[in-house]
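A.B. asks: Quick one, fold the following:
(one chain, ligands or ions: 1)
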Amino acid sequence: MIKDFRYLRPQDLQEALGMLREHAGEAKVICGGQSLLILMRQGLVAPEYLIDIKHLEELSYIRLDEDGLRIGATTTHRALEKSKELAERYPIIPEMEETLASIQTRNWGTIGGNLSHADPAGDPAPVLIALGAKVKLAKADGTREMALEDFFLDYFETALEEDELLVEISVPPVPARTGVAFEKFTIIGCDMGIVSATARVTLDEGGRAAEARVVLGGAAPTPLRAKGAEEVLVGEDLREELLEEAGRKASEECEPISDIHASEGYRRELVRVLTKRMLRKAWQRAAQG
Ligand SMILES: Cc1cc2nc3c(=O)[nH]c(=O)nc-3n(C[C@H](O)[C@H](O)[C@H](O)COP(=O)(O)OP(=O)(O)OC[C@H]3O[C@@H](n4cnc5c(N)ncnc54)[C@H](O)[C@@H]3O)c2cc1C
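C.D. replies: You can find the predicted model right below:
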């Protein structure tokens, strides 16, 4: 049963930040409620105050210009999935969103809530890290920015302070000759993945890998850059043995757990296979320009 709480509905961002400061340590922000309400129902979280930010239109936007992409924290998964501009300039984001939960959950759940919840098996974080995303965090008296990669500290733990809100995610422009691919392995379609792999490859003019990123989900306490796998690729031509080697490195450097869904060994094998498969796909996409 959910413990009683006081429901607060700020009129704008500044009021929300003031409420967070006033009730720091006793309040939780609620946005779509798709993750928080589960924890509250299980009694794992029992805040005195709930500060609702879902209706704050000033935090709901997808903006694209020559500096890249900016997404407001209360933007829903469904809005990201359906954005025509994103499909054109960052197609991997709608592609990933399409398999995140059900349409109902995508209609309620938000990108800010998903990242702040910090489930290591969440889908958006590895894709956004592969794209080089940053997050903007706001308090009553100012903002700070950090790489999304540094935002995640541990299982369900982020750099957010008690009186801080995640307000925006920004993504730089994608360089030419770059391909990105994402896949998760699930038991039930459109549910949390057991493991996911995102690969991003940028080719030089000769078709060799100038830059590569491999980011794993569900394979460590936080989304994980498989840097050993990335190093294998740089300066090389696409060859089957290279992909094999990168997959093997990723499976060695990840830190998966065993649980009721899959053993540690099974997860490592999934990482090996998915890394290899996503690198091949990202490379082919990069070659197609
Ligand atoms: C059935 C089901 C299936 C799901 N499948 C998937 C899946 O396949 N892939 C996947 O990635 N996720 C999945 N999820 C998780 C879910 O979709 C996301 O975690 C959800 O979108 C979170 O957003 P929200 O707005 O609902 O956050 P809420 O539940 O409102 O909040 C989540 C947490 O973030 C905090 N928070 C919210 N917004 C902010 C903010 N702007 N700044 C600071 N803190 C904030 C809250 O205090 C809370 O701790 C699934 C969920 C369900 C119920």
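
A.B. asks: Write out the residues of the stretch 151-289 of the chain neighbouring the ligand.
C.D. replies: Contacts of the stretch 151-289 of the chain with the ligand, taken as CB under 6 Å from any ligand atom, map to Leu160, Leu165, Leu166, Asp191, Met192. The C-beta positions use only the backbone N, C-alpha and C, and glycine is treated the same way.

A.B. asks: so the third one, which of the three states?
C.D. replies: The local conformation at Leu166, judged by DSSP: H, G, I helix; E, B strand; the rest coil, is strand.

A.B. asks: Okay, and the beta partners of it?
C.D. replies: Leu137 (DSSP bridges).

A.B. asks: Now do the contacts for the closest residue to Ala73 other than its chain neighbours.
C.D. replies: The spatially closest residue to Ala73, leaving aside those adjacent along the chain, is Gly112, at 2.7 Å (CB to CB, 6 or more residues apart in numbering). Gly112 makes contact with Cys31, Leu59, Gly72, Ala73, Thr74, Thr75, Leu165, Leu166, Val167, Ile169 under the criterion CB atoms under 8 Å, 6 or more residues apart in numbering.

A.B. asks: Which of those residues fall in strands?
C.D. replies: Gly72, Leu165, Leu166, Val167, Ile169 (DSSP state E).

A.B. asks: okay if I get these as CSV plus neighbour count?
C.D. replies: Output for the ones in strands among the contacts of Gly112, formatted as CSV (neighbours: other CB atoms under 10 Å):
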residue, neighbour count
Gly72, 22
Leu165, 26
Leu166, 24
Val167, 21
Ile169, 23
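
A.B. asks: Let me have those in a markdown table, adding pLDDT as columns.
C.D. replies: Output for the ones in strands among the contacts of Gly112, formatted as a markdown table (pLDDT from 0 to 100):
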| residue | pLDDT |
| --- | --- |
| Gly72 | 98 |
| Leu165 | 98 |
| Leu166 | 98 |
| Val167 | 98 |
| Ile169 | 98 |
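
A.B. asks: Out of the residues of the stretch 151-289 of the chain next to the ligand, which is nearest to Leu86?
C.D. replies: Leu166 (19.2 Å; CB to CB).
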